[in-house]
Structure formats: structure tokens, C-alpha cells
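Undergrad: The following comprises the amino acid sequence and a computationally predicted model.
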Amino acid sequence: MRRRLAAWGAAHPWVLDAGIALLVQAAMTMPFVVPRPPELSPATWPAYGLTTLTAVPLIWRRRAPFTVLVAVLATSGLYRLALEGPGQPLPYTVLVCLYTIAMLSPPRVRYAAALIVTLAVPVSVWLNTQELRELTFSLFVFGAAYAFGRLADARQREQRAAAERATARERARIAREMHDILSHAVSLMIVQAEAGPVAVRVAPERAEAAFEAISAAGRDAMVQLRSMLGVLREEGPRDGAASSAVPPRAPQPGLGELPELLARVRGGGLDVGYAVEGAERPLPAALEATVFRIVQEALTNVVKHARARSVRVRLDYGPKDLAVRVTDDGRGPRGGEASGGHGLTGVRERAAAHGGWAAAGPGPDGRGFEVRVVLPLEAG
């Protein structure tokens, strides 16, 4: 509820500021409606009108906070010197102005406002009671208003920084998703396209299958990209529309799509094996999507770089973690391939996002290449 009110206030600043001005006016009206002792002069309509004139500038407190402060101080001084009106228990208008300046204004304006208020407080106390207690109390409440304004500014800056960090993380996630989708689809299409001319001459039926595989890989990539880009479109409900009016979006891929992924890779002529060890159990959707993308990226690397004849994918469910292994019988790592490349970097980032780790290097007995990822299944 508080966030909704804050969002509504940010969208309607004039309405919010007008409400604050009315609230301050209501507070300043109290001394005029409460019965006054006979020895004090009665409250007059001119005095009440001047209090209204003091509160009205608060409507513009965001657009010209320093100008509003000067106007409020001037009208307050006029009220004190020219009219015999009821006193106020707190200087509401000046407190609101000082809070706003501390929250929204640059340092130069803040320091000037603090200096003016600091000089005005002793003058106001001297014109009122000339008591040290009132002076101390006034300096305290104005200092508290300034401090609360600075705290509000710090909170807003932290919220903006958090939003920027979240945006950066989301951009990185989308970049990884698009890299995985396009790299996998293009790699399969290239392999099939390179084998197509040879198959046309020696085995036309294989050429037809290759073209079908190219088409299927392209369509699958388009479907996944369309689903991902749909998340970026601003299709949320507006003007009180029900959330059910938002078009449904395809879910992230999970372990149920792994057989289809392996079949596409297998269609490229690679012998693909798949095994599950341990007690298989349901996983969170985000973790399933991560496992799918890790296997997809590892298979893409096999297709692009390994020159392998076979690859084995194994999921090993342990008591507290899930181990994912993708092992091929290809040429193995050359130079810095075991630690480089955007694909393997993305695999490590995905694993780290779930508190796990990833490693890549030579396969068993030093032959081929293996990607191993361990993902915890329990919180913490």
C-alpha cells in the first residue's frame, strides 16, 4: 500500500503538494477555532487570511523550493509584526520548506537555506518569548527537518541505484538468453547447411532431413526470441484494467524440453546420449531454465568446436545438489579454450546466480571435453 501511494504521489505531484498545503492549513487553523483566554486579543479574519497566504506557496515547493522558503518566511514575519494573531505551536510551513530543500536541492541551495533559517530562528524567538528553551527547541526541530530531508534523499538515491543494478542484471540475463538461443540455432543450421550439398549428391533423403533440421532450428529460435522480446514490451494493464487482460507469455524452457533439444542436436549427425542418476525430483522453474540453458550452451560448443562423434549429457541428483555433466569425445581443449569464450562465461554466470559453480576442461582420461556444473538444491 505504501509503495502504491508513493507511486501515485510521484505521478501526481501537484495533487500531493496541494494536499500537503491543505493539511498544513488545517493544522494552522486549530489556534483560531480553539477558545482563547479573555486577556488575549481575539482571532481576526485578516490574521487567518495571512496564515492561508503563508500555506499556499507550499503547492510550488518542488518547483521552486528556495523561492517558496523566502516567501513563507516573509509572510510569517509579516504575520508576527503587523497582526496580533494567535501563535502556532510549530512553524509548519517553514519546516515543510526546509525538509523539501534538504531532500531536493543541490548543496549550494541547501546551505543557503540552512543559513537563512539559522539566522531567522533567534530573531523569531526574540520577538516571541525571548526564552532559551524556545530557542533550543526551535533549532532542534529545524535541524530534525533538515536531517529527515537528507535521509529521504539518501533513500531515494539508493532506490535509484538499486533499480539501475537490477536493470543491469536483467540486461545481462537477456544478453545471455539471446546468446544461447542464437548461438545454438545458428550452429545447428551451419552444420546442417555444410552437410547438405554432400548429401544432395550421395543421399538425397539425408539432404531433405538436413533442410528440415535447418527449418526447425530457425523456427525454434524465432519462437524463443519472440517470447523473450515479448517480456520487454510494455503490455501491462493500464487504467485499472484487469491483469487477466495481459497476453500470456511462453514460460522459460525446462527439463521437459531437454529431449527435444537433444533430438535437434542428434539430427545434425551427432550421437547424443542422455542419462539421469539419483532420485529425480521437481525443481524450481528458474533452476530448470538454468539447467536447460547450460546443457544447450555446452551442446552448442560441442557442435561448433569439438569435432566430436558423440556427446553424453548426465544429470546427477544428489542429496543437496544437482550435477550437470556434458562430455564429448572430440578434440578436447586447445590453447585457452578451457577457460575462455562467452559461452562458458555465461555457463559460469548462470551457475553462480544459483549459488553453484562450473568447470570446463579435458574429459575422462584426458580425452574429449567436459563441462561440469554443480547447482545447490537447498536454500543457502
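TA: Arrived safely. Residues are numbered from 1 along each chain as shown.

Undergrad: Residues touching whichever strand or helix holds Val117, excluding its own?
TA: Val117 is part of helix 107-128 when elements are defined by DSSP states H and E. Contact partners of helix 107-128, identified using CB atoms under 8 Å, 6 or more residues apart in numbering, comprise 65-66, 69-70, 73, 76, 80-81, 87, 91, 94, 97-98, 101-102, 105, 131, 134-135, 138-139, 142, 146. Any C-beta I mention is one placed from the backbone N, CA and C, and that applies to glycine too.

Undergrad: Next: stretch 148-156.
TA: Contacts to stretch 148-156, defined as CB under 8 Å, 6+ apart, come from residues Leu98, Tyr99, Thr100, Ile101, Ala102, Met103, Leu104.

Undergrad: In that stretch, which residues have enough neighbours to count as buried?
TA: Gly149 (16 or more other CB atoms under 10 Å).

Undergrad: Also stretch 47-54?
TA: Across stretch 47-54, burial judged by 16+ other CB under 10 Å covers Ala47, Tyr48, Leu50, Thr51, Thr54.

Undergrad: Kindly reformat those as JSON lines containing distance to Gly346, secondary structure and pLDDT.
TA: Below are the buried residues of stretch 47-54 laid out as JSON lines (distance: CB to CB, whole Å; DSSP: H, G, I helix; E, B strand; the rest coil; pLDDT from 0 to 100):
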{"residue": "Ala47", "distance to Gly346": "71", "secondary structure": "helix", "pLDDT": "81"}
{"residue": "Tyr48", "distance to Gly346": "69", "secondary structure": "helix", "pLDDT": "83"}
{"residue": "Leu50", "distance to Gly346": "67", "secondary structure": "helix", "pLDDT": "84"}
{"residue": "Thr51", "distance to Gly346": "64", "secondary structure": "helix", "pLDDT": "84"}
{"residue": "Thr54", "distance to Gly346": "61", "secondary structure": "helix", "pLDDT": "87"}
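
Undergrad: Could you point out the helix or strand that follows the one helix or strand in the chain whose mean pLDDT sits lowest?
TA: One helix or strand of the chain scores below all others by mean pLDDT, DSSP states H and E: helix 2-11, with a mean of 69. Moving toward the C-terminus from helix 2-11, the next helix or strand (DSSP H and E) is helix 13-33.

Undergrad: Let me see the mean pLDDT of that next one.
TA: For helix 13-33, the mean pLDDT works out to 86.

Undergrad: Against which helices or strands is that helix packed?
TA: Helices and strands touching helix 13-33, as assessed by 3 or more CB pairs under 8 Å, 6 or more residues apart in numbering; DSSP states H and E, comprise helix 45-55, helix 92-104.

Undergrad: Now tabulate those helices in a markdown table and tack on distance to Glu277.
TA: Shown next, in a markdown table, are those (distance: least, CB to CB, whole Å):
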| stretch | distance to Glu277 |
| --- | --- |
| helix 45-55 | 74 |
| helix 92-104 | 58 |
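
Undergrad: Out of these, which gets the lowest mean score?
TA: Lowest mean pLDDT within the helices and strands packed on helix 13-33: helix 45-55, a mean of 84.

Undergrad: tell me the contacts of the closest residue to Pro86 other than its chain neighbours?
TA: Spatial nearest neighbour of Pro86, chain neighbours left out: Pro31 (3.7 Å); criterion: CB to CB, 6 or more residues apart in numbering. Pro31 makes contact with Ala43, Pro86, Gly87, Gln88, Pro89, according to CB under 8 Å, 6+ apart.

Undergrad: Please consider this matter closed, and thank you.
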